[in-house]
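Visitor: here's my sequence, what's the structure:
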Amino acid sequence: MRGISLSSLNEVVRRFDGILPSANAATLGHELFEVVAVLEEEHSLRRWLADPANEAESKSALVSELLESKVSPATILVVGDIVQSRWSGARDLVDAVERLAVYATVGEAEDEQRLSELEDEIFRFRRVVAAEPELRASLAMEGVATSHKRTLVENLLSGKVNAATLRLVTEAVTRSRGRTLEQGLEYYEQLVAERARRYIAVVRTAVSLSENQQTRLRDALSRAYGRSIHLNIEIAPEIVGGLSIRVGDEVIDGTIAGRLAEVRRRLAG
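Guide: Residues are numbered from 1 along each chain as shown. Next up is the predicted model:
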């Protein structure tokens, strides 16, 4: 998000943080995801709610009318706050609801160790999906009943991961919002990292890194980016040597394979 949407997002997150401690976090997360699903289906509703020409009080009143007796008071309060804020477009409004749905879902795990567990679990499942084409096809296939996909995810992960991880993976599988399955999982992984006020660094290396090496790398990246860094390490023998590090959209390629590719590009030029 940018501009007015980013400013509004920062404000609604700040107010959300004041509501969350007194709410049932799991219920709030579930209900916010249901609101996202409704807004995705009701095009005219989300456009009306995002239209700055409509009065904020009218938007909040409509939300209360639509959601009353269907969701908890905390959900009505959060959604009402979002629709009263100004957004650059309907997409940003829905994205804000989804973001807070994720934040609420992990609300009971908001300490560094448990959030790290959630990040790792989503990351590992994303890697499994990428490595297992048949599994990915089963989870991403169009036309398959949502209940069937939900059952499949539960059979795969129930009892093996945190409850919040199971809920987020299920959401990514059953409601894509135009993303591929891998994109959806990575997006939720990034939101969990943001909630922990950290970045995720995906580190590709030809050989395993020792604990000491990981600590030094984490400290160096934390200093460079001005916030804590969580490392997701992938072993990739094909890079021969060195490290490839991706933080968000930025890639730091210090691999032998990367240097060889650069030499080839220069020779070709």
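Visitor: and the strands in the protein?
Guide: 198-205, 228-235, 243-247, 250-253 (DSSP state E).
Visitor: select, out of the ones you listed, the one closest to Arg136.
Guide: Closest to Arg136 of those is strand 228-235 (CB to CB; 17.6 Å). C-beta coordinates here come from the backbone N, C-alpha and C atoms, glycine included.
Visitor: show me what that closest one pairs with in its sheet, parallel or antiparallel.
Guide: strand 198-205 (parallel) (DSSP bridges).
Visitor: got the contact list for Val203?
Guide: By CB atoms under 8 Å, 6 or more residues apart in numbering, Val203 lies in contact with 209, 217, 231-234, 243-245.
Visitor: from those residues, list the buried ones, please.
Guide: Among those, those buried by neighbour count (16 or more other CB atoms under 10 Å) are 209, 217, 231-233, 243-245.
Visitor: of those, closest to Ser5?
Guide: Asn232 (28.3 Å).
Visitor: I'd say the closest one and Ile122 touch.
Guide: No - if you go by CB atoms under 8 Å, Asn232 and Ile122 don't touch, sitting 9.8 Å apart.
Visitor: quick check: Arg227 vs Glu189, distance?
Guide: In this view, Arg227 and Glu189 are 16 Å apart by CB to CB, to the nearest Å.
Visitor: wait, Leu221
Guide: 17 Å.
Visitor: who has more neighbours, the two?
Guide: Neighbour count, other CB atoms under 10 Å: between Leu221 and Glu189, Glu189 has more, with 25 against 20.
Visitor: what's near enough to touch that one?
Guide: 119, 122-123, 126, 200.
Visitor: pLDDT at it, what is it?
Guide: On pLDDT, Glu189 comes in at 93.
Visitor: again, but for Leu9
Guide: 94.
Visitor: now swap in Ser116 and tell me
Guide: 84.
Visitor: likewise for Gly242?
Guide: pLDDT at Gly242 comes out at 85.
Visitor: look up phi and psi at it.
Guide: Backbone torsions of Gly242, given as degrees, to the nearest 10, read phi 80, psi -170.
Visitor: count residues in the vicinity of it, would you?
Guide: 15.
Visitor: quick one: residues contacting it.
Guide: 205-206, 254-256, 258-259.
Visitor: recalculate using a threshold of 6 Å.
Guide: With contact set as CB atoms under 6 Å, 6 or more residues apart in numbering, Gly242 has these partners: 254-256.
Visitor: repeat for Arg150
Guide: Arg150 neighbours (CB under 6 Å, 6+ apart): 170, 174.
Visitor: ok, the nearest residue to Leu181 once chain neighbours are set aside to Val12 distance?
Guide: Excluding the flanking residues, the one nearest Leu181 by CB to CB, 6 or more residues apart in numbering is Ala140, at 4.7 Å. Per CB to CB, Ala140 is found 31 Å from Val12.
Visitor: those two: who's more crowded?
Guide: Neighbours per residue (other CB under 10 Å) separate Ala140 from Val12, with Val12 holding more: 21 against 16.
Visitor: wait, that one touches Val83, no?
Guide: No - with contact defined as CB atoms under 6 Å, Val12 and Val83 do not form a contacting pair (9.9 Å).
Visitor: point out where the protein drops to low pLDDT.
Guide: Where the chain drops to pLDDT under 70, the residues are 110-112, 269.
Visitor: burial count for Leu66?
Guide: 15.
Visitor: how near is it to Leu45?
Guide: Distance from Leu66 to Leu45, by CB to CB: 8 Å.
Visitor: repeat for Gln84
Guide: With CB to CB as the criterion, Gln84 and Leu45 are 15 Å apart.
Visitor: for Ser72, give me its contacts.
Guide: Contacts of Ser72 (CB under 6 Å, 6+ apart): Thr27.
Visitor: next one: phi and psi at it?
Guide: According to degrees, to the nearest 10, Ser72 has phi -70, psi 160.
Visitor: same question, Ser85
Guide: According to degrees, to the nearest 10, Ser85 has phi -80, psi 170.
Visitor: which non-adjacent residue is nearest it?
Guide: In space, Ser85 is closest to Ser8, 3.9 Å off (CB to CB, 6+ apart).
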